[in-house]
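Trainee: fold the following, please.
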Amino acid sequence: MKKFLRLVTQVLGVLMVVAGVFWALQGLGIIMWPAESFMLADRQWTVNGSITALVGAIIVWAARKIGS
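Mentor: Predicted coordinates:
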């Protein structure tokens, strides 16, 4: 059960990191896809994405402690 919980937590953390980086890059105007996205070149999404990626990285780090 602990291994399953660790896996689920790690997957959630990695998905948060990926989504956060994507949002941050959209906010910076580096990724301009999809063209109709409201996040494009909006600095608030750079902040939101950075925070999400940081929280995801903390979750991945914490998941390594589960069961050890």
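
Trainee: was I right to think residue 53 contacts residue 13?
Mentor: No - using CB atoms under 8 Å, residue 53 is not in contact with residue 13; the gap is 10.0 Å. From N, CA and C alone the C-beta is placed, and that goes for glycine too.

Trainee: what segments of this structure are helices?
Mentor: With DSSP state H as the criterion, the chain has helices at 2-28, 43-63.

Trainee: contacts for stretch 23-35 next, please.
Mentor: The set of residues external to stretch 23-35 that reach it, using CB atoms under 8 Å, 6 or more residues apart in numbering, is 22, 37, 39-50, 52-53.

Trainee: which of these are buried?
Mentor: For those, a neighbour count by 16 or more other CB atoms under 10 Å gives the buried set as 22, 39-40, 42, 45-46, 48-49, 52-53.

Trainee: picking that back up, need the helices of the chain in TSV with mean pLDDT, can you?
Mentor: Below are the helices of the chain laid out as TSV (pLDDT from 0 to 100):
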stretch	mean pLDDT
helix 2-28	96
helix 43-63	97
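
Trainee: residue 26 - nearest residue in space that isn't next to it in sequence?
Mentor: Once its chain neighbours are removed from consideration, residue 26 has its nearest residue in residue 39; the separation is 4.4 Å (CB to CB, 6 or more residues apart in numbering).

Trainee: surely that neighbour and residue 45 touch.
Mentor: Yes - contact status for residue 39 versus residue 45: in contact at 4.2 Å, counting by CB under 8 Å.

Trainee: before we move on, back to that, how close does the residue nearest to residue 26 get to residue 60?
Mentor: 24 Å (CB to CB, to the nearest Å).
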